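In: I need the structure of the sequence given here:
(chains A and B)
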Amino acid sequence: MTSTGLEREVHAALRLFQRLAGRVAVFFGVSVLVFCVIHAAPGDPSLSVGVERVESADAPTDAARARFRAEHLLDAPLWRQYLHYFGPFDLSPRGHVWFGGSGESPWGGLVCFDFGHEFQRPTVDVGEELLRRLAVTAPLSGLAILFAYALAIPLGVACARRRGSGFDRWVSTGLLALFSVPAYWAALLAMLVFGPRGLDWLPVLGLADKDVARFDGFERALDLAQHALLPVAVLTYGGLAYVARQTRAAMIEALESDYVRAARSRGLSEARIVWRHAFANAVFPLLTLAGSLLPALVGGSVLVESIFELPGVGRYAYEGFLRRDYNVVMATTLVSAAMTLVGLALSDALYARCDPRFATEADSRSSDSLSAAEARRA
Amino acid sequence: MPFLSSSRSFAALLLGAVCAVCTVVLGACGEDESQRQAASGATPAARPTSESTPAAGRDSPEQPSNQAPAPASAQAAPSASAPIAPPSAAPQPSSASQPSSASQKVGHAPELVPTDVDYFHPDHQPGPDGRRPPQPEPAFGGRVIIRTDLMPPSLNYALDGAAVTRRILYEVHETLLAPDFESGELVPDLAERWDVEDTLILKPTGDGAEARRLVGVVAREGEEYVVRPVSALSSGPAGPAAWRVPAADVAALERGTVLTFHLRRDVRWHDGEPFDAADVGFSFSIYANPKVRCDNKRPNYAAVTACEVLDPHTVRFTLARAHFKALGNVADLFLMPAHRYDLSDPDHARFDPAYVAAKRAQDPQWRPTADEQAEYVNAHPANRAFVGLGPYRVTEWTQDYLEATRFDGYFAPERGGYLDTIRWRLITNDDTANEALLAGDIDFNERLTSEQYFGEFTQSEAFLARCYKGHLYADAYGFVAWNLTRPMFADVRVRRALGMLFDYEGVRANYYRGHAIQVTGVQPVASPAYDWSIVPLKFDPTAADALLTAAGWIDRDGDGVRDKDGKRFEFEIAINTGSRTSETLMARFQEELAKQGVRARVQAYDWSVFQERCVRREYDAAARGWVPPPEVDPDALWHSRWAGADVGASNFCGFADPEVDRLIDTGVRELDDARRYAIWRELGARIYAAQPYTFLFNPARKFAVSKALRGVQALRFDPNYQLRRWYYPKGTPGTRATRARAEPSGGESRDTSAGDR
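Out: Numbers count the residues shown, from 1 in each chain, chains lettered A, B, ... in the order given. Prediction:
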């Protein structure tokens, strides 16, 4: 390895480290921000302790509230609460002896990947529950993203090639209409059309039949596919419409460019022109988009999950917020935030891979999109 | 772009409950609450009460203010700056123009839904001869799937005392005594009999010795008390079968404070271990351990001073003072298997060997501490992998459902029910629940909205082919609470006038389609303590106008809003976000108020905020609902000791009335039902006269159930139906003629959802 090579390597490693450190800092910035926002939101979590449902008429006893407030440090100053959440020291009454605790559980907090326990179910670890919920949300969202891309790209390309034709107009209008349909409405409609009141083709509840325990392997797979069909379809269509529109726009730009004209004049086959030359250049906006998909994988959809009765992350976050369960809200938000950062890093990497010119520019762009992400969080 | 929804879901978070999808946010004003919890409903509890109520004016309840004598009334509602308006000052409502509805006559319970079995079943309707066809013969076996819109965190009722937990426990657990679902009376369950004795506390003799206590059934005969010990184990001087004490030597008499339960000997836990008094003793002991998370239940047992295990099948509770709920609370003690939970003697066979072995491996001298015991109870796997005493045992608990199957070792098989399997399926979304009902994924949904009940859904072909609908009255009711610490609501005339501006009949007819009862009191309508003789307020703008004018609220500046002392009559009605009932009713109320120059704003708050504002008294008016137990203890709601802000109890009007306090203090110590009901009725009349709430409706609970199921019956008490009476008719596939199963299903229970450990 030459000295310039080594220099370059060191430089690259430094830059990587810099970028990584920046992202970690952003992540903790986000955590502070969310922590402050959720604590500033009106509503007292101790009022729903041990109470059946958030809007239940009965209130917890003073003793239960006092215990809860003490356990979760709710009467401590906010910075102390944050430090407790952040870790590595547990500052609760059972926490580290340095901070006046009994020493039973000295360590904990975010840096130990400890998301705490649910407020309402004190024996349930939020991190573990989140994983259980991810097991529902991630495959569904993953499938939806896959289908959306698999359908949207050919559709967008086809529209771009036949730009202005009847086909393009119809498909574009259709996509716009699809994009405008709210998921909640679509989910209910799908349920009515394909459910027992309509065609009675598909199950509408959960991900498994009530008798799934009696099914064999193949039946189970079939059952799961049937149950997943409607939720995945509803999760897919909006993204499909969006990605198809993006693809079309990018392709139109690419198809009108000089290099495509040059390729045509060289007599290359149409397929080669479209896919090798035009699409390769139109792929960048799609990559940007792909970077923002990762958080969708873990974020879930409140609406779709609640209509199809899926125990996913979206509902978890929503119910956590209703109860002002700070631990649940923090965990779900932070996992989404982390995934956003990873997604951005990934799309940077993909950019660099697809086009070396972006390798250096990536820094400025990524920091731009980071601040955009931050703004969204806020 | 729903699949790119991380930011969207976060936005949804921040928007909180605004989102219309959210079915978890339900309403105040009774409608939704009623469909959720306790109550009763089906038995008419009509009881003209004039003869049993001492209060004056009961026969003319339109003038309840009569009973507030002048000197008392100043304190009667200390927050009322003006005395309660005398009847002459209050213009009599033109009741002729507002006839009370046919189904709600004063002095009588309205026609509530009958308790006949399968009353609503389409195959059980009266024929041309007016007679109902005979019931099909029941078969054993089969499964029923009940929709629940909430899954309890655990089944340990001491730790998680929710109504939904209780409903599941009805099938998988038993208590010492159980309330009869029809009469509400306590009947033997795990205890085959029980003794109730009184405590006679003698005056101290003066030599510093503690006051003597005599235990037995106490009767007063002339100038002396006669104490007759009932149980052979009763304490007291040995010798006579009864002893006499001069009344002058007696310091106090506490009725019903010694409760002795004699347990059945044939009861086994779901894991096969026998049940005995040690289990009861342990189950009680956790309330004395401050680290056990049973704070919400602790007050129920605060008055219990001792729980003695007298022998393996006898256990005795001693209470400090008489309370009408004492027996009920003790009989309802949540029982835990001591052989699983109790660490008190790790050398004894009745403890968790694995846990102790692990501890002893670290420290051979290890002995459990109270804190360790508390932690052990709080996080015990059996809180979810439940070991109970009921006819069904929990066999599976997933994220989606909880399933219980027949327990073959149940001690009273004849009470065990017909079905083999009961599954509670979690469905939070109402629309989804209905589709699931039609698809056969659930068999019973006890929570239909009015639109669903009266609308297209229940008329659809798919519904009629598989299900039928019915309704019953639970005890929930809605109301508008007035914050009495706000000067504008301090005057009872104003509150009464506001109450007269609610269009009761219009709302009942149009919104509830007649399926609601206008309530007047704090006791549930099905309770004998409910006072049907009180005439509910009627919609009467003219009378309201006169009352407001008399109270000094006049539109002086001609801007269309009444004013007094330079302040306009404007206030906010807080409602709970997402409660359609509250929204509709309050919008209607607002309209009528505006016509009379009262400007009300309806403001929706997220539940946690709504509750916080009520508890802190940071509201003007709040539309809410209660789901009372079969007999309400009015203390937390109406006693002045809870009137201050942020004391946690439910008197968030800030209501304080010495006479009400006195009635409550007397009532809670009165163990004679008839006398206590009379006190509650007097209390109810007094509260209704003071109008701290504008009492609204007890709406019918509407349900839908599969036609395949028979034996469905509305009952008075929570949960208003009893799964053990439900069955599939003979000949239904998958059923059999006998209770005993060919091969009892065994195996350990599985918990595949949120684990405790």
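In: Skip the chain neighbours and tell me the closest residue to residue A:163.
Out: Sequence neighbours aside, residue A:252 is the residue nearest to residue A:163 in space, at 5.8 Å (criterion: CB to CB, 6 or more residues apart in numbering or on different chains). C-betas here are computed from N, CA, C, even on glycine.
In: Count the neighbours of the one you found for me.
Out: Residue A:252 has 18 neighbours, counted by other CB atoms under 10 Å in any protein chain shown.
In: Quick check: which element contains it?
Out: helix A:217-255 (DSSP states H and E).
In: Which positions in that helix come out as buried?
Out: For helix A:217-255, a neighbour-count test (16 or more other CB atoms under 10 Å in any protein chain shown) marks A:223-224, A:227-248, A:250-252, A:254-255 as buried.
In: And for stretch B:487-501?
Out: B:488-501.
In: Reformat these as TSV; add distance to residue B:481.
Out: Below are the buried residues of stretch B:487-501 laid out as TSV (distance: CB to CB, whole Å):
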residue	distance to residue B:481
B:488	14
B:489	10
B:490	14
B:491	16
B:492	15
B:493	18
B:494	14
B:495	11
B:496	15
B:497	16
B:498	12
B:499	12
B:500	17
B:501	16
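In: For the stretch 251-378 of chain A, which residues are neighbours of chain B?
Out: Contact residues, the stretch 251-378 of chain A versus chain B (CB under 8 Å from any CB of the partner chain): A:289, A:292-293, A:295-296, A:298-304, A:306-309, A:311, A:314-315, A:317-319, A:321-324, A:329, A:333, A:336, A:339-340, A:376-377.
In: What about these, which are in helices?
Out: A:289, A:293, A:295-296, A:298-299, A:302-304, A:306-307, A:314-315, A:317-319, A:321-322, A:329, A:333, A:336, A:339-340, A:376-377 (DSSP state H).
In: Specify which member of the buried residues of stretch B:487-501 is nearest to residue B:229.
Out: Nearest to residue B:229 among the buried residues of stretch B:487-501: residue B:492, at 50.8 Å, using CB to CB.
In: wait, isn't the residue nearest to residue A:163 in contact with residue A:158?
Out: No - at 12.0 Å, residue A:252 does not count as touching residue A:158 under the criterion of CB atoms under 8 Å.
In: helix/strand/coil for residue B:738?
Out: coil (DSSP: H, G, I helix; E, B strand; the rest coil).
In: give the contact list for it.
Out: By CB atoms under 8 Å, 6 or more residues apart in numbering or on different chains, the contact set of residue B:738 is residue B:140.
In: Leaving out sequence neighbours, find the closest residue to the residue of the stretch 201-350 of chain B found nearest chain A.
Out: Going by CB to the nearest CB, chain A is nearest to residue B:295 of the stretch 201-350 of chain B, at 3.5 Å. Once flanking residues are discounted, residue B:295 sits nearest to residue A:64: 3.5 Å by CB to CB, 6+ apart.
In: Buried ones in stretch B:697-711, by neighbour count?
Out: B:697-707, B:709-711.
In: Stretch B:680-689 now?
Out: B:680, B:681, B:682, B:683, B:684, B:685, B:686, B:687, B:688, B:689.
In: Can you list which of the residues you listed are found in strands?
Out: Among the buried residues of stretch B:680-689, no member falls in strands (DSSP state E).
In: Quick one: low-confidence residue ranges for the stretch 51-200 of chain A.
Out: Applying pLDDT under 70 to the stretch 51-200 of chain A flags residues A:51-59.
In: And the helices in it?
Out: Along the stretch 51-200 of chain A, counting by DSSP state H, counting those that start in this stretch, helices occupy A:62-71, A:78-86, A:126-161, A:166-180, A:183-194.
In: Now render these as TSV, adding distance to residue B:430 and mean neighbour count.
Out: Conversion of these to TSV gives the following (distance: least, CB to CB, whole Å; neighbours: other CB atoms under 10 Å in any protein chain shown):
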stretch	distance to residue B:430	mean neighbour count
helix A:62-71	30	18
helix A:78-86	36	17
helix A:126-161	21	20
helix A:166-180	26	14
helix A:183-194	11	19
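In: Select, out of those helices, the one closest to residue B:613.
Out: Here helix A:62-71 is closest among these (CB to CB), at 16.0 Å.
In: what distance separates the closest one from the centre of its chain?
Out: 34 Å (CA atoms, centre = their mean, to the nearest Å).
In: Same check on stretch B:283-292?
Out: For stretch B:283-292, the distance to the chain centre is 24 Å (CA atoms, centre = their mean).
In: what does stretch B:429-438 give?
Out: 26 Å.
In: For that stretch, which outside residues touch it?
Out: A:188, A:191-192, A:195-197, A:204-205, A:306-309, B:21, B:23, B:147, B:149, B:425, B:427, B:442-443, B:445, B:447-449, B:452, B:457, B:460, B:462-463, B:466-467, B:704, B:706.
In: Report the secondary structure state of residue B:694.
Out: Residue B:694 ends up strand, using three-state DSSP.
In: er, residue B:305 actually
Out: Secondary structure, three-state DSSP: residue B:305 is strand.
In: Before we move on, what's the pLDDT of it?
Out: pLDDT, the model's per-residue confidence, is 93 for residue B:305.
In: burial count for it?
Out: Neighbour tally, residue B:305, other CB under 10 Å: 11.
In: Same question for residue A:29.
Out: 14.
In: go on, residue B:368?
Out: 18.
In: Identify the residue nearest it in space, chain neighbours excluded?
Out: Nearest one to residue B:368, counting by CB to CB, 6+ apart, is residue B:343 at 3.8 Å.
In: Next up, the contacts around that neighbour.
Out: So residue B:343 contacts B:351, B:352, B:355, B:356, B:368, B:372, B:373, B:376 (CB under 8 Å, 6+ apart).
In: looking at this, it is in a strand?
Out: No - looking at residue B:343 with three-state DSSP, it is coil, so not inside a strand.
In: what residues are up against residue A:100?
Out: residue A:93.
In: about what we covered before: just the closest of the buried residues of stretch B:680-689 to residue A:74, please.
Out: Of the buried residues of stretch B:680-689, the one sitting nearest to residue A:74 (CB to CB) turns out to be residue B:687, at 34.9 Å.
In: quick one: the closest one from residue B:653, how far?
Out: As for residue B:687, its distance to residue B:653 is 10 Å (criterion: CB to CB, to the nearest Å).
In: and if you look at residue B:712?
Out: Counting by CB to CB - residue B:712 and residue B:653 are separated by 39 Å.
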